[in-house]
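**Q** After the sequence you'll find the predicted model.
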Amino acid sequence: MIIGRFTGQLGQHRVRYNSEYQHRCEGTPLSVDTNGCHNRGTDWVGLGNNAAPFQSPEATSTAARGYFDVPFYLNQPSWTMTATDRLLFEAGYTAFRYNPIFGHPSPDGITNLIPVTEQSNAVNPSTGMPFAPQSNYTYRGIQNWGWAVARTDGWQVSTSYVTGAHNMKMGYQGNRLDQLDQTIANQTQLAYRFNQGVPNAVSYWLPDFGRRTITDLHGVFVQDSWTWNRLTVQGALRFDHASSYAPVEGNGTTRTSFLNPDPITMEATPGVDAFNDISPRVGVAYDVFGTGKTALKFNWGRYLAYAANDPPYTSTNPGFTVVREVLNRNWTDNNGNLIVDCELLNPAQNGECAAATGTAPNFGRLGAATIVDPGVLKGWGVRPNDRQYTFTLQQELLPRMSADVSYTHRTFHGFFVTDDLNRREGGVGSYYETYTLTAPVDPRLPNGGGYPVTQYVPTAAANATPPRLYMARESDFGPERTSKWDGVDVTFTARLHNGLTGQIGTSTGRAYVDTCATVTQFNNVAALTGTIIGPDPRGCHNVEPWQTTLRGLATYTIPRIDVLVSATFRSQPPMQLSTVLPVLTGSTSAQWQVPNSVIAAALGHLPPGASPTGNTIVQLSDNEHRIYADERRSQVDMRFAKVVRFGRTRTDIGVDVNNLFNAHYATGFNTNYIYNLDNTPRPAGWGTPASIYNPRFVRLNFTLNF
């Protein structure tokens with residue numbers, strides 16, 4: 001990390017410039033002799049084997065367990081001018097350049113071999129060893145990886161007028177978010193799927209493909225506060241304008257291959273055009289007894305959802321209509337030569353390949369863009385938002401000791417959903433079949449298991465019809481969901497005479513989301529992936545349990561040597577089981593791998609596109625059947641800091657000790673739940689930790705100011 005700062009003043013004008021460069025390199029090449037990052041040790045081979053997606057080291061490109069070598073740049077010039085003792089002018093600009101960490105091949109990564117995913121971990125009778133360490137285990141090489149380039153620019157100007165009892169500020173803020181997400185395939189552009197060593201499916205990709213969207217934001221605000229005796233009133237009003245578009249450059253691919261004889265290009269396309277919002281905010285503070293020891297506060301405001309390069313800002317980008325990959329097209333290797341003997345660009349059944357289904361027939365071609373209700377892309381008050389109010393009581397307990405108690409209520413509004421217009425005529429439910437399985441009787445599952453699990457699958461006719469995606473407001477299908485959050489914070493603060501400052505508190509809250517009024521009225525297409533979930537009401541009533549986080553902070557400056565010592569403590573509630581991070585819905589805590597033969601018996605036939613010898617993942621958990629780890633996540637961090645002055649220079653020296661006591665709580669779990677014929681628990685590693693919190697480490701910081 002390199003940090004540079006400059007401060008200069010000429011009369012009333014002060015100019016500052018901050019520049020920061022970081023380079024993050026993490027991972028380990030396949031060979032210890034290869035140049036590059038070597039910070040995971042020579043025993044990192046096991047990292048690919050303990051959490052989905054299960055991968056061997058040479059097949060790993062995910063950020064959490066793979067290799068990445070990326071820079072970050074931050075440049076921030078700013079200017080202030082004190083015009084009078086009451087009037088202040090400010091302006092600034094921020095340029096942030098970075099590569100989001102998606103993971104990519106190491107310098108010696110294998111990209112010229114066809115990767116293989118083995119579905120079965122059964123014992124191979126000819127070798128006496130499992131076909132793979134885990135079911136659905138990928139080995140031999142990397143399938144594909146992501147590469148992204150992000151440019152974020154921000155600029156602002158403001159004027160402040162301060163009189164003491166009256167404080168006013170007005171200004172303008174602008175932002176531009178420019179992000180290119182690119183998928184790069186291995187050199188073969190292929191991947192195979194085996195079941196017990198027998199090929200049954202092939203996946204294929206374009207050589208690379210980019211999707212780029214630029215989002216612009218502009219905001220103007222004015223805020224003021226007035227103080228009369230014991231009462232202080234604050235008011236603010238903000239106007240926001242947000243828009244987006246997809247440029248020509250960066251969308252599509254300029255490369256050609258055996259799967260795309262010609263480059264794929266597209267025209268510049270407007271997206272959100274535009275959202276306009278006026279957001280008021282108010283605050284009141286009252287000194288109850290006029291002693292400055294007891295205060296009541298109330299705040300209310302309307303806040304806008306962050307405008308990022310996600311739907312709906314990207315929904316009209318034609319790059320999202322191009323099918324850049326086909327996953328697991330059924331393939332029968334009749335002659336045993338391990339070569340896909342068919343025309344992959346022919347979606348009909350030919351040679352050794354079955355017919356391509358779903359969106360696969362549009363592979364490599366501009367498809368029908370998501371149809372977006374014009375009311376979603378522009379208008380006043382359309383942008384998703386939340387409204388929040390907070391009541392706070394502040395009380396001095398003793399001199400230099402106080403307590404704060406606050407209650408916050410947030411409600412969320414303006415939800416967008418995506419439907420499939422080709423599955424609406426005659427009723428959404430007519431395009432799906434359902435089957436019900438009984439969850440295993442397992443004390444580790446919610447309520448001991450044994451509960452029914454109903455799944456929705458499209459009919460063969462629906463699955464064979466390419467979707468026509470349609471984005472609209474959720475309220476077009478019925479009452480908008482109820483989404484709210486309630487929380488209570490309690491904080492005690494002490495500032496003692498000897499320089500010791502301490503703070504301890506709790507945050508308790510829960511979320512409530514109910515989509516049951518609309519979830520069965522449309523096809524519930526995942527906006528980011530295009531996956532069609534269907535009118536499945538499972539988990540539509542989401543009431544999280546009340547959970548409490550404990551937090552503490554203490555700082556002390558050692559006399560004479562003038563060294564600042566600080567410590568922070570955090571104890572978070574147990575997390576829901578997931579492979580990497582806590583999930584909001586808990587729907588991936590137990591991924592039950594059910595043989596397709598069992599699915600066929602329950603449904604009456606195989607689901608469309610399913611292999612007779614393959615598996616289907618059925619989620620055993622949902623919002624009504626949550627699975628939590630059995631431990632809180634607690635840790636202590638410390639910092640030691642010293643300021644050393646030499647003439648006109650100042651050096652800040654800091655030592656950070658993260659995870660002082662080497663806490664090792666789990667941060668990810670094996671969520672792979674193996675099916676057993678008698679529907680009883682099978683000890684196959686489900687629920688065991690797959691990753692733990694980072695061990696204790698020390699970081700040294702040196703900042704030279706001159």
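**A** Cool, got the structure.
**Q** Kindly list the main-chain dihedrals of Ala360?
**A** phi -60, psi -30 (degrees, to the nearest 10).
**Q** Likewise for the one 5 residues further on?
**A** Reported as degrees, to the nearest 10, the phi and psi values for Arg365 are phi -120, psi 150.
**Q** Which strand residues bridge the spatially closest residue to Asp373 that is not a sequence neighbour?
**A** Leaving aside its sequence neighbours, Asp373 sits nearest to Ala472 (Cβ to Cβ, 6 or more residues apart in numbering; 4.3 Å). No exception for glycine: its C-beta is placed from N, CA and C like everyone else's. Beta-bridge partners recorded for Ala472 (DSSP bridges): Val417.
**Q** Count residues in the vicinity of Ala472, would you?
**A** When counting by other Cβ atoms under 10 Å, one arrives at 17 neighbours for Ala472.
**Q** contacting residues around it?
**A** Val372, Asp373, Gly375, Val376, Phe416, Val417, Asp419 (Cβ atoms under 8 Å, 6 or more residues apart in numbering).
**Q** do the same with Ser475
**A** So Ser475 contacts Phe415 (Cβ under 8 Å, 6+ apart).
**Q** Surely it is within a helix?
**A** Yes: with DSSP: H, G, I helix; E, B strand; the rest coil as the criterion, Ser475 is part of a helix.
**Q** And the pLDDT at it?
**A** For Ser475, the model assigns a pLDDT of 94.
**Q** picking up where we left off before, among the contacts of Ala472, name the buried ones.
**A** Among those, those scoring as buried are Val372, Val376, Phe416, Val417, Asp419 (criterion: 16 or more other Cβ atoms under 10 Å).
**Q** Check these against Ile558 and report the nearest one.
**A** Phe416 (54.9 Å; Cβ to Cβ).
**Q** For Asn251, see how far away Pro311 is.
**A** 16 Å (Cβ to Cβ, to the nearest Å).
**Q** So for those two, which sits in the more crowded spot?
**A** Taking other Cβ under 10 Å, Pro311 and Asn251 do not tie; Asn251 has more neighbours (24 against 21).
**Q** Just read off the phi/psi values of Phe522.
**A** In terms of degrees, to the nearest 10, the main-chain angles of Phe522 are phi -150, psi -180.
**Q** if I look at it, how far off is Pro537?
**A** Distance from Phe522 to Pro537, by Cβ to Cβ: 12 Å.
**Q** Between those two, point out the one with more neighbours.
**A** Counted by other Cβ under 10 Å, Phe522 and Pro537 do not tie: Phe522 has more neighbours, with 23 against 13.
**Q** contacting residues for the nearest residue to the more buried one once chain neighbours are set aside?
**A** Spatial nearest neighbour of Phe522, excluding adjacent residues (Cβ to Cβ, 6+ apart): Asp419 at 4.1 Å. Applying Cβ under 8 Å, 6+ apart to Asp419 gives the contacts Leu469, Tyr470, Met471, Ala472, Phe477, Phe522, Asn523, Asn524, Val525.
**Q** change it to 10 Å
**A** By Cβ atoms under 10 Å, 6 or more residues apart in numbering, the contact list for Asp419 reads 371, 428, 467-472, 476-477, 521-525, 532.
**Q** do Leu304 as well
**A** 217, 219, 238, 240, 242, 275, 277, 279, 383-386, 414.
**Q** likewise Gln173?
**A** 92, 154-158, 217-221, 238, 240.
**Q** and the buried ones among the contacts of Ala472 as TSV, adding distance to His409?
**A** TSV is the format used below for these (distance: Cβ to Cβ, whole Å):
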residue	distance to His409
Val372	32
Val376	27
Phe416	24
Val417	25
Asp419	31
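**Q** wait, which of the residues you listed is closest to Phe569?
**A** Of all the buried ones among the contacts of Ala472, the one sitting nearest Phe569 is Phe416; the distance, using Cβ to Cβ, is 40.0 Å.
**Q** From what I see, that closest one and Phe275 are in contact.
**A** No: counting by Cβ atoms under 10 Å, Phe416 sits too far from Phe275 to count as a contact (11.8 Å).
**Q** Now do the shared contacts for the two.
**A** When contacts are counted by Cβ under 10 Å, 6+ apart, Phe416 and Phe275 are jointly contacted by Pro312, Val376, Val382, Pro384.
**Q** which one of the residues you listed is nearest Gly290?
**A** Nearest to Gly290, judged by Cβ to Cβ, of those is Pro384 at 42.5 Å.
**Q** Quick check: phi and psi at the closest one.
**A** Backbone dihedrals for Pro384, given as degrees, to the nearest 10, come out at phi -50, psi 140.
**Q** Count the residues that sit near it.
**A** The burial count for Pro384: 15, using other Cβ under 10 Å.
**Q** so who does it touch?
**A** The contact partners of Pro384, taken as Cβ under 10 Å, 6+ apart, are Phe275, Leu304, Ala305, Tyr306, Ala307, Pro312, Phe412, His413, Gly414, Phe415, Phe416.
**Q** Can I take it that Val376 is in a helix?
**A** Yes: remark: Val376 belongs to a helix, assigned using three-state DSSP.
**Q** List the contacts of it.
**A** With contact taken as Cβ under 10 Å, 6+ apart, Val376 is in contact with 272, 275, 311-312, 315, 382, 414, 416-417, 470-473, 476.
**Q** ok, of the residues you listed, which come out buried?
**A** The neighbour count (16+ other Cβ under 10 Å) marks 272, 275, 311-312, 315, 382, 414, 416-417, 470-472, 476 as buried among the contacts of Val376.
**Q** Now render those residues as JSON lines, adding distance to Gly197.
**A** What follows is these, written out as JSON lines (distance: Cβ to Cβ, whole Å):
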{"residue": "Val272", "distance to Gly197": "50"}
{"residue": "Phe275", "distance to Gly197": "54"}
{"residue": "Pro311", "distance to Gly197": "41"}
{"residue": "Pro312", "distance to Gly197": "46"}
{"residue": "Ser315", "distance to Gly197": "43"}
{"residue": "Val382", "distance to Gly197": "54"}
{"residue": "Gly414", "distance to Gly197": "52"}
{"residue": "Phe416", "distance to Gly197": "46"}
{"residue": "Val417", "distance to Gly197": "43"}
{"residue": "Tyr470", "distance to Gly197": "43"}
{"residue": "Met471", "distance to Gly197": "44"}
{"residue": "Ala472", "distance to Gly197": "47"}
{"residue": "Asp476", "distance to Gly197": "50"}
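**Q** what is Gln576 paired to in the beta sheet?
**A** Going by DSSP bridges, Gln576 forms beta bridges with Tyr628.
**Q** scratch that, Ala554 is what I was asking about
**A** Counting by DSSP bridges, Ala554 is bridged to Gly502, Ala567.
**Q** so who does it touch?
**A** Ala494, Leu500, Thr501, Gly502, Gln503, Ile504, Val565, Ser566, Ala567, Thr568, Phe569, Met638.
**Q** What residues does the second one make contact with?
**A** Pointing back at Leu500 there. Applying Cβ under 10 Å, 6+ apart to Leu500 gives the contacts Ala494, Ala554, Thr555, Tyr556, Thr557, Val565.
**Q** Dihedrals phi and psi, Gln521?
**A** phi -100, psi 0.
**Q** low-confidence ranges in this structure?
**A** 1-5, 39-53, 61-66, 101, 367-369, 527-528, 578-587, 677-684, 704-706 (pLDDT under 70).
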